[in-house]
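In: Provide a 3D model corresponding to the input given below.
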Amino acid sequence: MSDLEALRAEAAAILKKDNTNFAMRSCWNCNSGHEYLKEADYIIWCFSCGHWFYKGMDITVEDEDETSNPA
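Out: Residues are numbered from 1 along each chain as shown. Predicted coordinates for the structure are as follows:
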């Protein structure tokens, strides 16, 4: 299992337990002032680009039609 797959699985377990357990923030790609969020140990959903991040990695699962959470 790759690091990305492991983080997605961990985030999915967190969201399965409580689907509101994430922060809505703009990510460091959309707002360079949020570079420090790469060190966050909680799930982030970027309201600007729609991607999901966890522990500094983009864990977004992209379908053909949409971007979705890792759960």
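
In: Just the helices from the protein, written as ranges.
Out: Ranges of helices in the chain, per DSSP state H, are 3-17.

In: low-scoring stretches of this protein, by residue?
Out: 64-68, 71 (pLDDT under 70).

In: one more time with 90, if that's ok
Out: Scanning the chain for pLDDT under 90 picks out the ranges 1, 61-71.

In: My guess is G56 contacts D41. True?
Out: No. Using Cβ atoms under 8 Å, G56 is not in contact with D41; the gap is 9.2 Å. Heads up, the C-betas are built off the backbone N, CA and C, glycines and all.

In: neighbour count winner among these two?
Out: Set G56 next to D41 and count neighbours by other Cβ atoms under 10 Å: G56 wins out with 13 against 7.

In: List the contacts of that one.
Out: By Cβ atoms under 8 Å, 6 or more residues apart in numbering, the contact set of G56 is 38-40.

In: Format the residues you listed as CSV; extra columns: neighbour count and distance to C27.
Out: Output for the contacts of G56, formatted as CSV (neighbours: other Cβ atoms under 10 Å; distance: Cβ to Cβ, whole Å):
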residue, neighbour count, distance to C27
K38, 13, 9
E39, 8, 13
A40, 15, 10
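
In: Could I get those residues in CSV, plus columns for distance to D3?
Out: Shown next, in CSV, are the contacts of G56 (distance: Cβ to Cβ, whole Å):
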residue, distance to D3
K38, 14
E39, 16
A40, 17
